[in-house]
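# here is my input; please provide its structure:
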Amino acid sequence: MEREDVVTEYNRLKESGESVEHLMPLIDQMVSYRFMHQLAPNACDFLFEMGLLDKIMEFIDDATFKRVYSYLFSVVQYLPHEEERQTIMNLLYRASISQHQYASALVVALRLDNMEMAEQIFTDCPNESLKKQLAFIMARHQAFFEQDDEELQEIMSNSKLNELFLQLARDFDITDAKTPEDVYKSHLVKREHRPLGQGTYDSARENLASTFVNAFVNCGFGNDTLVTVAEGNKWIFNHKDAGIISASASLGSILRWDVEGGLAQIDKFMYASDRNVQAGALLAAGLICGGVRNECDPALGLLVEYLEHADTQIRVAALIGLSFAYAGTGREDLEMLSEPLLDPSAPIEVVSAAALACGVVYCGTADEQMSQLLLQALMERDADFNHPTARFISVALGLLFMNRGEMCETMLEAVRVLRPPISTYAEITIEGCAYAGTGDVMRIQKFVHMALEDNKHSAALSVVLLCMGEELGSQMALRHLEHFIQYGDEKARRVAPLAYALLSTSNPEIDVTDMLSRLSHDVDAEVAMNAAIALGLVAAGTNNGRISSLLRQLSVYYAKEPNNLFAVRIGQGLVHLGKGALTLSPFHSDNMLCCRPALASLLVVLHACLDINNLILGSHHYLMYYLLLAARPRVLMTLRPDLTPLPVPVRVGQAVDVAGQPGCPKSITGFQTHTTPVLIPTGHRAELATTDYTSLTPVLEDFVILDAVDESAADSDKMDVVTTTTTSA
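Numbering: from 1, shown residues only. Reported below is the predicted structural model:
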């Protein structure tokens, strides 16, 4: 019988309630045949059509596990129903555990957001070196649970990240501080002479731009030429008002992840007489501790006392600083962040900052109490919705339900009773975040209709949110964005560059950069500014020469426009983020996982850019520092089990999707051989180019522990192969 005949007969018997036992031996035989002939994906499809996918467990072994795992993992994102997705992911978890593939099992557990599974993996894992590798995967995903083993706790809490990153800097010889001029490279462009009295020049705005460029390019290196030097105080006071806040806060970027040394350096600013310096120091403290868990909780100890401060700006800075420090942790002892939401006398700036802090800290938890408080704030602050920061209450609700799917339906019904445009903006944001990465075609069509025909322009971001992380969906989103630009009004055009940035973060594809280059010369100033920042986000941390050249040309083009020039400078700083050693992409583990706090931080900045004139160009430019919560080393660093560096040769090339392909196709193409540590661009993949070591994880990225191959065992295997070949001959 043919495959289709067996499937039809089986389903017919099932529907009629008749016995199917007589077909089971034939089904087993057909599945076994496919596994023997490297057709495991075909066998999976065969069993799935009959609802017998669980039988695949009987045929999986060491030789076929990787093929089945990669195929089913790629199939999951195309399934229409959440129940089916959950069923296959649970099957992959059981298969990984049965084959002792603990790293693969952990990826499944994190994809399911099931910390109980993750803890069980650590309990079952018998190998101490492998446990360290699992801890590195948890750290990259910013997931954490208490461990008895101090070394595992240290790795998982990212306490070693600063030490390892500085080791990378020494290996790449990029420890010397860069100046903003090193990024601008003004000597390469011909500047037009500006006659006296013509055009405008804003020295404070130029200094502020240099501060952000300096913060981005020297992020995590612990040194710079502006604020950590002896004359750092002088540079900070070269700014005006809110600019001083961002200048002081830039210390947190430069000292990122260095909790012990960094907090000591900003201590003097915490008690400064100038309130702007003090507010900036609070932000810096949060940035330093962001993503790093410390049993002493220094950020909480330092910042919580300022939550009741009489000065509005300092209260806002304390709230934002705590959101920097505890993004995605969902800790119960941080509920004091929501207290301003209940205070009717609190200024809208404080309420918005509190809402944003709650959304970032509790992102993806769908916490019922927090959602009710945010909804109440949204209803009670109805009259303040025209204030630039009020939009962050809606953004916070969206972050709270990130990746929670149908759990957001009750909240959607609640916000629909509010008056437009509050209800519209909140509904689009919540639904887009809740179904992020699902590729739900019906919802994508709904958002496209909203953006083009109903003039609900923020829906463009939700279209990209649903499509991101998957190649076919990304291509579909690109076509929709072209339609927004071609047929939408000027507000739709303003959102389009931000949507491109979200779709292709730290991944400078030619089609995207060409479109953004066109938009950066748009007659509408907001479109041009958003496009300049989007160019920076698309090339963030890549040192991309083409985009660097485009932005240099834009700096000449907008030399007489301070606001546009500021946006261009921000873009230039982002291109050189971490001197090319960092990435802002929230995806990791070969694009199988998305780091929720990283995605949340990107969304905060993009929503701020929706009102760029009043927020980023106003007094809230420090919101740009949210991008640093997504920053991670874009490297492959190989380590010994004792966590000392181990240089080995690796091949790095363009990743090729081999899921479901017959035979043994190559997973990379156009590769080059390097010695670790090595930079891994977005869309590329690495493979070991030596047989002397084996990796403890199937995905070579971030920090990877290698085990030395037992030479006697390897020689024995070779002898077995030779003997078998001779006998056959």
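# which residues of the stretch 601-729 of the chain score low on pLDDT?
Residues of the stretch 601-729 of the chain meeting the criterion pLDDT under 70: 711-729.
# got it, and the chain?
Within the chain, the ranges that satisfy pLDDT under 70 run 1, 190-202, 232, 454-455, 711-729.
# now the most centrally placed residue in it, nearest residue through space, not along the chain?
What sits nearest the mean C-alpha location of the chain, by Cα atoms, centre = their mean, is Pro586, with 1.5 Å. Nearest residue to Pro586 in three dimensions, chain neighbours excluded: Ala598, at 3.8 Å (Cβ to Cβ, 6 or more residues apart in numbering). To be clear about C-beta, it is placed using only N, CA and C from the backbone, and glycine gets the same treatment.
# so after the helix or strand hosting the one you found, what's the next helix or strand?
Using DSSP states H and E, Ala598 maps to helix 596-609. Where DSSP H and E defines the elements, the next helix or strand beyond helix 596-609 is strand 632-633.
# how much space between Glu18 and Asp297?
Using Cβ to Cβ, to the nearest Å, we find Glu18 at a distance of 64 Å from Asp297.
# how near is Ala528 to Asp176?
Ala528 is 34 Å from Asp176, by Cβ to Cβ.
# so which of these two has more stuff around it?
More neighbours surround Ala528 than the other of Ala528 and Asp176, with 23 against 12 (other Cβ atoms under 10 Å).
# about what we covered before: quick one: the residue nearest to Pro586 and Leu584 touch, right?
Yes - with contact defined as Cβ atoms under 8 Å, Ala598 reaches Leu584; the gap is 7.5 Å.
# overlap in contacts, the two.
In terms of Cβ atoms under 8 Å, 6 or more residues apart in numbering, Ala598 and Leu584 are both contacted by the residues Ala630.
# and after the host helix or strand of Thr513, which helix or strand comes next?
Using DSSP H and E, Thr513 maps to helix 510-519. Next along the chain after helix 510-519, taking DSSP H and E as the criterion, comes helix 525-538.
# got the buried residues for the helix or strand just after that next one?
Downstream of helix 525-538, the next assigned helix or strand under DSSP H and E is helix 545-557. The neighbour-count check on helix 545-557 (16 or more other Cβ atoms under 10 Å) flags 547-548, 550-555, 557 as buried.
# need the phi and psi values for Thr505.
phi -60, psi 130 (degrees, to the nearest 10).
# next up, the contacts around it.
Thr505 makes contacts with 537-538, 540, 584-586, 602, 630, as judged by Cβ under 8 Å, 6+ apart.
# now swap in Ala459 and tell me
428, 432, 447-448, 450-451.
# now the helix holding Ala598, how far from the centre of its chain.
9 Å (Cα atoms, centre = their mean, to the nearest Å).
# what's the answer for stretch 346-360, then?
The answer for stretch 346-360 is 23 Å, by Cα atoms, centre = their mean.
# next: stretch 499-510.
Counting by Cα atoms, centre = their mean, stretch 499-510 comes out at 12 Å from the chain centroid.
# extract the CA atoms of it and return them as CSV.
Extracted as CSV, the C-alpha positions of stretch 499-510 are listed here (Å, rounded to 0.1, in the frame of the first residue of the first chain):
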residue,chain,number,x,y,z
ALA,A,499,9.4,48.4,11.7
TYR,A,500,12.4,47.7,9.4
ALA,A,501,14.7,48.1,12.4
LEU,A,502,12.7,45.6,14.5
LEU,A,503,12.6,43.1,11.7
SER,A,504,16.3,43.2,10.9
THR,A,505,18.1,44.2,14.1
SER,A,506,21.8,43.8,13.9
ASN,A,507,21.3,42.2,10.5
PRO,A,508,22.2,44.7,7.7
GLU,A,509,20.5,43.0,4.7
ILE,A,510,20.9,44.9,1.4
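# can you tell me what sits against the helix or strand where Arg12 lies?
Assigned by DSSP H and E, Arg12 belongs to helix 3-16. With contacts defined as Cβ under 8 Å, 6+ apart, helix 3-16 is touched by 1, 19-20, 23, 26-27, 30, 46, 49-51.
# can you check stretch 569-576 too?
Under Cβ under 8 Å, 6+ apart, the answer for stretch 569-576 is 178, 180, 183-184, 206, 209-210, 212-217, 532-537, 539-544, 547-548, 551-552, 554-555, 584, 624, 627.
# one more time with 7 Å
183-184, 209, 212-213, 216-217, 532-533, 535-537, 539-540, 542-544, 547-548, 551, 624 (Cβ atoms under 7 Å, 6 or more residues apart in numbering).
# repeat for stretch 155-167
132, 135-136, 138-139, 144, 147, 154, 220, 257-258, 291-293, 633, 637, 645, 703.
# which ones among those residues map onto helices?
132, 135-136, 138-139, 154 (DSSP state H).
# could I get those residues in TSV, plus columns for distance to Leu112 and neighbour count?
Formatted as TSV, these follow (distance: Cβ to Cβ, whole Å; neighbours: other Cβ atoms under 10 Å):
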residue	distance to Leu112	neighbour count
Lys132	23	22
Ala135	19	26
Phe136	20	26
Met138	14	25
Ala139	19	24
Glu154	26	17
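# what's the farthest-apart pair in the residues you listed?
Met138 and Glu154 (12.0 Å; Cβ to Cβ).
# quick one: the strands in the stretch 1-150 of the chain?
Taking DSSP state E, counting those that start in this stretch, the stretch 1-150 of the chain contains no strands at all.
# shouldn't Ala109 be in contact with Gln120?
No - at 8.2 Å, Ala109 does not count as touching Gln120 under the criterion of Cβ atoms under 7 Å.
# which of these two has more neighbours?
Ala109 (23 against 15).
# tell me the spacing between the nearest residue to the more buried one once chain neighbours are set aside and Gln77.
Among residues not flanking Ala109 along the chain, Met117 sits closest, at 3.7 Å (Cβ to Cβ, 6+ apart). Separation of Met117 from Gln77 (Cβ to Cβ): 20 Å.
# show me which of those two is the more surrounded one.
When neighbours are counted by other Cβ under 10 Å, Met117 and Gln77 differ, and Met117 comes out ahead with 18 against 15.
# now Ile705, what are its backbone angles?
Backbone torsions for Ile705, taken as degrees, to the nearest 10, come to phi -90, psi 130.
# list the contacts of it.
129, 132-133, 639, 641, 696.
# tally of neighbours for the closest residue to Val20 other than its chain neighbours?
Nearest residue to Val20, sequence neighbours excluded (Cβ to Cβ, 6+ apart): Leu13, at 4.9 Å. For Leu13, the neighbour count with other Cβ under 10 Å is 15.
# ok, Thr690 next?
Residues near Thr690, counting by other Cβ under 10 Å: 11.
# isn't it up against Leu646?
No - using Cβ under 7 Å, Thr690 is not in contact with Leu646, being 10.7 Å away.
# separation between the nearest residue to Lys66 once chain neighbours are set aside and Ala272?
Spatially, and ignoring its direct neighbours in sequence, Lys66 is nearest to Pro698 (7.0 Å; Cβ to Cβ, 6+ apart). As judged by Cβ to Cβ, Pro698 and Ala272 stand 50 Å apart.
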